[in-house]
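Q: just need the structure, nothing else, for what follows:
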Amino acid sequence: MAFERTSSEAAANKAALEVARQKDEKSISTVSELSSLVREQKARLAELSRAKSEQVAELRDRVQQLEANLDEARRRMIQFEMLKKEHAKLQADLHAQVHNSLLSVLVKIHFKSI
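A: Next up, the predicted model:
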């Protein structure tokens with residue numbers, strides 16, 4: 001009877017040991033899978049971070065270029081406004097010269113006819 005009980009306990013212990021071994025193997029496999037997932041996620045995060053950094057640098061360069069273009073456009077607009085004023089002044093001067101020349105000619109003609 002003691003032998004049977006010991007054999008029965010040994011069989012139960014052996015079965016429990018096998019269950020524990022299978023759980024251990026499953027745990028090791030799960031840890032390995034999770035480790036692989038973590039490595040993949042780290043790689044993805046690193047790639048996303050690198051892409052974001054590149055995009056930020058590109059956008060920063062683009063903003064600087066646009067600001068330079070805006071400064072150039074403002075400079076040209078000021079130059080254009082100055083040229084418009086100069087053009088208006090030159091037109092007024094020319095109009096005055098033509099007017100004075102016509103008056104001068106008319107005065108000469110009038111005095112010649114007298």
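Q: in the chain, where is pLDDT below threshold?
A: Counting by pLDDT under 70, the ranges of the chain that qualify are 114.
Q: ok, which stretches of it are helices?
A: Using DSSP state H, the helices of the chain run over 2-113.
Q: roughly how far does the residue most central in space within it sit from Asp71?
A: Among the residues of the chain, the one closest to the centroid is Leu59, at 3.3 Å (C-alpha atoms, centre = their mean). The spacing between Leu59 and Asp71, counted by C-beta to C-beta, to the nearest Å, is 19 Å. Any C-beta I mention is one placed from the backbone N, CA and C, and that applies to glycine too.
Q: then Asp24?
A: For Asp24, the distance to Asp71 - C-beta to C-beta - is 70 Å.
Q: ok, now Gln79?
A: 13 Å.
Q: ditto for Glu47
A: Going from Glu47 to Asp71 by C-beta to C-beta gives 36 Å.
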